[in-house]
Every structure is written in C-alpha cells, then in structure tokens.
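>>> Sequence first, then the predicted structure:
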Amino acid sequence: AYALPIPWGLNLTLLLHLAWGSLGWGCWARGKGLRAWPVFGLVAGLLPKTMAHTLGGHVTLVYATAWMPWLVRASERARPGPWPGVVLALIALADPRAAVLALPLMAFAAWHGERRAWLGRVLGWTGLAALLAAPLALPLAVFTSHSPRGTMSFEDRTVYSIPVPLFVAEFGGALPLHPSLVTEYRIYIPWSVTLLAWVAWNRGKAKRWLALAGLAALLALGRYGPLAPLWYLPGLTWIRVPARFGWVLAFALLMAASHGIHATPVPPSSRYRLGWLAWGLGGLLLRIVGWPLLFARYIHLGAYALAGLADAYAWFSLRPGTRRVAEGRLWAAALLASLATIYPYVNVKPLSSVEAQDARLAQAVLRDAGLDQRAWAERWTGPRVYSPIYSIGQWTAARVGLPLAYGVDPLYTTSWATWLIEASRIPRHKYSVVLPPWVEKESVSELRKVASRPNLRQLAEARVGYIASIFPLDSPEAQPLGRVAGAWLYRYPKPCPMAWVEPPERPGCEGARVAQVLQWTPNRVVLRAQGPGRLVLSEGAYPTWRVRIDGQPAAPDPTREPWRAVVLPPGEHRVEWTLRPWDGLLGWTIAGITSLGLAAYAARRPRLTREDEP
C-alpha cells in the first residue's frame, strides 16, 4: 500500500487480502474433503457481505476477515498450541472490531466436547491475542476515553440494526438496496449455501455451526431482536453496527453447507420438503412481487435476474430425494449469485475524476492564500478550511497539504467535537462518525437553516480562513470569492494565527501577541513566544503531547481545550511540543516480550516432541 501510488497500492492490497481469504477458505474446504474446494474458497472469500464492505471503503474490515479462515483452521486442530491466539491478534491489528466477530468463530471451531479444556483454551488464546495486539489496543483504549465513541448511547451502538422484515427479505432475496444502505445491510447468502445448510440440519449434521448461525442472526437484529440487552456489554459496543454479524452468519452457514454436501442424497422427509418449498416459493414471490412493492420499480433487473437464475438452479438441484448433487456446479452457482448482486454497485473511476471538484476547490484556496508555490510541509501552518458538508475530502486535503477544520472519527476528540458543534451551529443529536454530523442530500435544505450562519469568530480560533459550502452563507463577515466547482467559496479575513499569547483572564487571539512558528511536523512543533501569558497553539490537545519551555518540562493548561496551551513566565521563550506516545511504547513492549516467549516456545517444542516420542 505504501510502495505504490494511490490507487494502485490500495487496490492491490485489497485484492491480495481477498485472495488470501479465498485461499484460506479453500484450504479449509480441502481439509474437509470437498472436491470443488477452489470454488468454495472463492464463494467464501467473495461473499456479498465482504464485497459490499470492499466497495464501501471499509478496507480494514476486509483485511481482518481475510484471516478468519486461518483462525478457524488453527482452532479446529486437536493440538492447536498458541497459534489461534496469534491469528486472532493479526485480526485485531487489522481491525479491532473484527476481533469481536472472530471470537465466536474461534470458540465454536475449538469445541471438541470437553468444556473445561475448551474454556481454558479460548480464554488463553484471547489473552494472548490481547498481549500481541497491545500496540494498537492500548492507544485505542486511551483514545476511546477521550472520544465521543466512548460515550455512545444504546441507540448509537445499535444504529445499523436490521429490522426483522428487512432481514428476512434481504437474507433470502438480495434486495436492490440503495448504495448508502448496501454496505451494512447486505446479508444475502446464495441459496446454494442456505439450502445445503438446510440439508445438513435435516441430517443432524453441523449442529454447532447452525447454532452459531442462529446466534449471529439474532445479534444482527440488534435492537430489534431478543438479544438487544447484550449491546450494552463492552466489546460489542466497539462494533457499533449489529448488521456486521452477517459475516459470522455467512461463515457459519458456509461451514454447515460443507457438511450438507457430504449429507447427500437429499433427504426426502416431509420436514425438508416443506422447508424447501417455502424457501423457493417465498424467494420467488419476493423477487417478482416484493420489489415493486418495496421499491416501486425494478432496479438493476439484469444482474439480479442472473442471481435469481443461479439461486433457482440451486433450489432445483437440491429438491427432495435427489440422489446425486453436482458439487462444483452448486458452488459455481453460489459464486455467480454473489457477484451478480454486487455488480450493480461497482463504479470504477480514475482518481482524477473522484478528486475533480475537491482538487479545484483546494487549489483555489491555496492560490488565494498565497500558498500554492510553497512546499507541501509549509502549507500545514496556513489557514484552515471549514465546510458544513465536506466540500473538500480529507484525501485531497492530505495530498495537497491543506488543513481542515472538520473530520472523521477517529480523528477528533470529545473536546474538539463539542467546540466544532458550537462553532458550526449544526446540532448533533446522536453519535456521528464525521463532524459536522453527516446529512444526506435530501436533508440539505434543513441543514442550510442552521449551517448558513456559522460562528466565524469561534471558527477563527482554529485559524479558519476559508469556508467552502454547497449553499450560500448568510454572514456579512464572510467575503465571497465566487463559485468554484459548484461550491460557494468564502474568505474570513481575521483568522487567528497558528499560535498566540493571550492574557489568562481574556481568552482569544484578538489583541494577543503572535508566536513565531520555528518548526512544524505532525509529531513536533517548536515556537518562539514572548511571555507572560498563556501560549495557545491551535492544534488538538491530547494526553500524549508533552511540552517544554526553554528545555524544561512544563504542565499543559487544560482550560483551553481543544487547543494545546501552556502558561509562560515573563520574557522570550522557546516552547517545544513533542508527541510522546507512552501508550504505544508500552504496547510495543508488551507485544515484544510476548513475541519472544512465543519464539522460545516454537524453538523448544520440536525437541520436546521428539523426546516424548516412544
């Protein structure tokens, strides 16, 4: 991802992880005796759920799920050793939220009938994973305590719960959901998988995986299901999206389906026949009649018709009493159905077209501020841009060196969120991943009522010198610069400098002494300032920042959060702010010691095994 330019690096990294996950599931299926294990691997690695999150940009979740088949394989071994804990740590390092999804997969895979030994193994692996993932887990825990994510309400934690009617319709029929919903709500599983799992259940096979599938389905319902109180528990609150348990549901049904292949001939029992008929007729009615009722029209008809044909083939192939099932064709039908239901959401664009509007706005700001000819690193001390609805994307701002006064969690703290909500005058009624809170295009008129008159004097503390908006501002202090790339661009002529010295009894940069910025990097800022007074740096405060005055440690002043501040004595001083991530250093120390222990175990274990052999 770092060696190649964007988007090559990102796209190739994503493809490699998708291939790694497919290979892992293929190896798992080969170990279970499936003849068409390569196709099974592709079905499991390219699930509609996985591809929806890939298209939605949730790359770390995709990276993490690529390790889940390897976790299942390691956990199922009779003598697994510590390796399931190692794989779980890799999942946690890719995305800590995915580790919560991986835990039940690991626990169910490790079950061999001995409760006490099983519990000890699962707890041991979980503890080992926590130690190895400490370089990420500890800083994340510290950040969460200073972030709005640490104070989410029950409604915030279950925001993407799936209502029961939507769950039933999407699970069995692959609804043509709106692109804004498909990323989280896509839980459709091809009929080849669900019907083979139904075969296994009727043959009394794969009970633990079917039990896990039922548990995952109930958790995916979130606030609408009987397990809603569980979403108050630590761990589940990290996920924030109950619908992501659709991954666990899909993986569990896939593993149950592998048992269904071995359970043929298809049972001729009345119970199986009734379920088979209900599934086929219900899905057919949903796809023919339900779409117009739910969406008022057919959407992406060709792609979804192809998925319907693939599912119909699986349904006919697994009719009651069938003695011989074409395994490879069933998995191929599942793969075809998966890709067909995701294809309508694929929209390939060159990076230049994605950034077209953002880049024009950013360059207009840099030119007006006289920064377009300066080096990239020098631009970060210049004026910030504020936008009530993300007119300039963070990826573009980072590329051209343009600081912004809005952002995406986990890039802001509670104090910053409180300040920005007051300054923007955009209310936040619930937790929002982005600040200001995101609104859909349909709600722009409502947003305009409150966001067209931001508190520019308060925004000036963040050295906001420019405002980009998709609607005109109603503020006489904002100087219009015209429309650029479909957005209104304004200049605020009185932004605060990057750092200033103010009297403690009169906060604000108006009339304050300007401090000189000697050096700026993301992890170190050096200033020259004249005391006495309170030196304020318009950069975010955080517990891991340390400050020195003339080389001597000093105590930060927390009263000026969200900004970094320190009280200066009389005279001229050299002030240095340095990032000292003690939480990360402690995490690396813990992980390093644990890794040395694992290396010693791996080196010693073969000798012990040979000595113990008769």
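Here it is on my side, so go on. Everything quoted here is computed from the prediction, not taken from an experiment. Numbers count the residues shown, from 1 in each chain.
>>> make it CA atoms for all contacts and neighbour counts henceforth
Fine.
>>> What is the helix or strand where residue 40 lies packed up against?
Per DSSP states H and E, residue 40 falls inside helix 37-45. Counting contacts by 3 or more Cα pairs under 8 Å, 6 or more residues apart in numbering; DSSP states H and E, helix 37-45 is packed against helix 8-31, helix 327-342.
>>> State the mean pLDDT of the next helix or strand after that helix.
Counting by DSSP H and E, the next helix or strand C-terminal to helix 37-45 is helix 48-55. On average, the pLDDT along helix 48-55 is 94.
>>> Go ahead and name everything in contact with helix 48-55.
14, 59, 61-62, 182-184, 186-189, 246-247, 338-339, 341-342, 345-346 (Cα atoms under 8 Å, 6 or more residues apart in numbering).
>>> which of those are buried?
Among these, those classed as buried by 16 or more other Cα atoms under 10 Å are 14, 59, 61-62, 182-184, 186-189, 246-247, 338-339, 341-342, 345.
>>> Next, residue 537: secondary structure please.
strand (DSSP: H, G, I helix; E, B strand; the rest coil).
>>> tell me what the helix or strand that contains residue 257 is packed against?
For residue 257, the element it lies in under DSSP H and E is helix 246-262. On a contact count with 3+ Cα pairs under 8 Å, 6+ apart, helix 246-262 meets helix 48-55, helix 96-109, helix 191-202, helix 207-220.
>>> so how far is the first one off the chain centroid?
Just to be clear, that refers to helix 48-55. 12 Å (Cα atoms, centre = their mean, to the nearest Å).
>>> Just the buried positions in it, please.
48, 49, 50, 51, 52, 53, 54, 55.
>>> Can I get the residues you listed in TSV including distance to residue 602?
Formatted as TSV, the buried residues of helix 48-55 follow (distance: Cα to Cα, whole Å):
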residue	distance to residue 602
48	38
49	36
50	34
51	36
52	39
53	36
54	35
55	39
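>>> Go through these and say which is closest to residue 82.
The nearest member of the buried residues of helix 48-55 to residue 82, counting by Cα to Cα, is residue 50 at 27.7 Å.
>>> Give me the distance between the closest one and residue 240.
Distance, residue 50 to residue 240, using Cα to Cα, to the nearest Å: 18 Å.
>>> swap in residue 586?
Relative to residue 240, and taking Cα to Cα, residue 586 is found at 27 Å.
>>> any idea which element residue 75 lies in?
helix 68-76.
>>> Quick check: which helices or strands does that helix pack against?
Against helix 68-76 (3+ Cα pairs under 8 Å, 6+ apart) you get helix 8-31, helix 83-94, helix 96-109.
>>> right, so those: which one is the most enclosed?
Of all those, helix 83-94 has the most neighbours on average by mean count of other Cα atoms under 10 Å, namely a mean of 25.
>>> Quick check: which helices or strands does it pack against?
Partner elements for helix 83-94 (3+ Cα pairs under 8 Å, 6+ apart): helix 59-65, helix 68-76, helix 96-109, helix 115-132.
>>> you'd agree residue 90 is up against residue 135?
No - in this structure, residue 90 is not within contact of residue 135 by Cα atoms under 8 Å, at 11.7 Å.
>>> Please report the number of neighbouring residues for residue 343.
Neighbourhood size, residue 343 [other Cα atoms under 10 Å]: 15.
>>> confidence score at it?
For residue 343, the predicted pLDDT is 88.
>>> Disregarding residues adjacent in the polypeptide, which is nearest to it?
Closest residue to residue 343 apart from its sequence neighbours, by Cα to Cα, 6 or more residues apart in numbering: residue 303 at 7.1 Å.
>>> pLDDT averaged over stretch 346-363 - what is it?
Mean predicted confidence for stretch 346-363 is 82.
>>> now do the same end-to-end measure for it.
Rule used - Cα to Cα; the end-to-end distance of stretch 346-363 is 29 Å.
>>> what residues does it touch?
In contact with stretch 346-363 (Cα under 8 Å, 6+ apart) are residues 7, 55, 372, 391-393, 396-397, 400, 402, 468, 484-486, 489.
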